[in-house]
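Student: got a structure for you, letters missing:
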């Protein structure tokens, strides 16, 4: 069953440049190797799931791609161009957005302020906040993504967990031009809420953005992803087309037990 | 149903507690002190004039609390600023005095801010220390002596003067509240202050320079305290180390009653103005009632306790 040990990603051959291309990414903290020799390509409109046990290196990889950590070795290519991110802001300015599991939202502020947090539009010589623009763009976006919230003016703390995650995903969608990273987006949610958020994520494919999702739920991974990439203790075990694999195969790749 | 709930939220009494309290206290004094001159134009305008420094300190304090920090030192900053301005004006021009007063406020605010924003010391402890530190410096600056302020232009601008018939202290109050309100509600800086106090982590990952916001709010508080110091010096035509000393409780109460959350992320500059006027009215009414100072302090303390308790109920997150 360990066919995944073949060189990853050769199944993907496409005339288009992949949106994100990771080549031989290596990261160690002091003497501890967190990720070694990781390679992966993501195309626009594709959802790739990153799975593995705790400590497998998933979060480290997300942090490398989002600019929080810089890799010890290897290359990150965006649209075919090698990039280095000084920090998360640099990655964001290149069109990469992250949705965190702990919901990086300001709870006492309205939805529209969260959507534009740190990037608020202004008007006039006094550079006053353009609330009208923020509200109308928020309203349009949540309707488009079918995030059901009472209004763009609703305060975050009055929303349910699913609605909040919907807002976080809407924010990422609004700003991402290339890639959205989802770090356990439904870990804190109930069953019905999870279904709702999964529907929103599935809807993002149509927007021609590449999506990399970390999830502990294999059911979710099989529902959402086009391909599954398995990590074990920092080593890339393999990448499988979701349609051609089974949960049993993925589980044995994750655990190393047949 | 949805309409109904939003209607109930709209009438949420907590949001208007400061206005209700203001009206209740006003009505109470208007009735009980009708014969003691509470309602005279002169008395009412006196209330506004007397609260001017506290209101301006409160504007700065709204920013500090909203960013999730606290400043206990502004009273000492007021004294140091007033004394700096008065001392400089003895030898130099009025402009140099104004610059010294405001500069001292900004510098102390910067000192607080660097400790809090970059050394990540808790603002409660930093400003508790600087409260004592600068109270001591204010005393040693002039060996406890008060310094007269004789520059007529200065005392006009910052004290007894008026423009188009409106007393300058009212103009300063209005100016500070309007500028503060617009920055707080309508600028990106205001939005970033609220986000920082609400969820500093979320603000940071959204690209907001959180340490810079923390430094800025403490400098704003220092600047407002410095301006308050100039107003005190202008009004009483002298600077003394006691200026601003008794404003700590009143300003904090005014801001909390005015709807600013103790833990940050939420607040109102206009609410702080109304809260400050309410405190001034309370002071004035208790004096007119002829209560001895000790009883005034007890009643004031109790009323502040009740008002703050109502404001903070279900509002502390």
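Tutor: All right, it came through fine. Worth saying up front: this structure is predicted, and the values here are computed from it rather than measured.
Student: Name the helix or strand for the closest residue to residue B:259 other than its chain neighbours, please.
Tutor: Excluding the flanking residues, the one nearest residue B:259 by C-beta to C-beta, 6 or more residues apart in numbering or on different chains is residue B:271, at 4.0 Å. The C-beta positions use only the backbone N, C-alpha and C, and glycine is treated the same way. Element membership of residue B:271 [criterion: DSSP states H and E] is helix B:269-288.
Student: Which neighbouring elements make contact with that helix?
Tutor: Helix B:269-288 sits against helix B:17-32, helix B:41-66, helix B:168-186, helix B:247-257, helix B:293-312, with contacts defined as 3 or more C-beta pairs under 8 Å, 6 or more residues apart in numbering or on different chains; DSSP states H and E.
Student: Can you list the buried residues in that helix?
Tutor: By 16 or more other C-beta atoms under 10 Å in any protein chain shown, the buried positions in helix B:269-288 come out as B:269-286.
Student: ditto for stretch A:125-138
Tutor: In terms of neighbour count (16+ other C-beta under 10 Å), stretch A:125-138 has its buried residues at A:129-131, A:134-135, A:137-138.
Student: Cross-check those residues against chain B and keep the overlap.
Tutor: Of the residues in these, proximity to chain B by C-beta under 8 Å from any C-beta of the partner chain holds for residue A:129.
Student: Of the buried residues of stretch A:125-138, which belong to helices?
Tutor: Those of those mapping onto helices are A:131, A:134-135, A:137-138, per DSSP state H.
Student: quick check, nearest of these to chain B?
Tutor: Closest to chain B out of those is residue A:131 (8.3 Å), distances taken as C-beta to the nearest C-beta.
Student: That closest one: what's its closest spatial neighbour, skipping adjacent residues?
Tutor: Among residues not flanking residue A:131 along the chain, residue A:112 sits closest, at 7.3 Å (C-beta to C-beta, 6+ apart).
Student: which other helices and strands contact whatever helix or strand the one you found lives in?
Tutor: The secondary structure element spanning residue A:112 is helix A:111-115 (assigned by DSSP H and E). Contacts defined by 3+ C-beta pairs under 8 Å, 6+ apart place helix A:111-115 against helix A:131-145, helix A:161-175, helix B:188-198.
Student: one step back: for the residue nearest to residue A:131, give me its contacts.
Tutor: Contact partners of residue A:112, counting by C-beta atoms under 8 Å, 6 or more residues apart in numbering or on different chains, are A:131, A:134-135, A:137-138, A:152-153.
Student: Looking at those residues, which two lie furthest apart in space?
Tutor: A:137 and A:153 (13.2 Å; C-beta to C-beta).
Student: Low-confidence ranges, the chain, go.
Tutor: Just so you know, I chose chain A. Applying pLDDT under 70 to chain A picks out residues A:1-16, A:103, A:258.
Student: um, chain B though
Tutor: Using pLDDT under 70, the flagged stretches of chain B are B:1-15, B:314-317.
Student: How about the residues of it by chain A?
Tutor: Going by C-beta under 8 Å from any C-beta, the residues of chain B near chain A are B:2, B:182, B:185-188, B:190-192, B:194-195, B:198-199, B:201-203, B:205-208, B:261, B:265-266, B:317.
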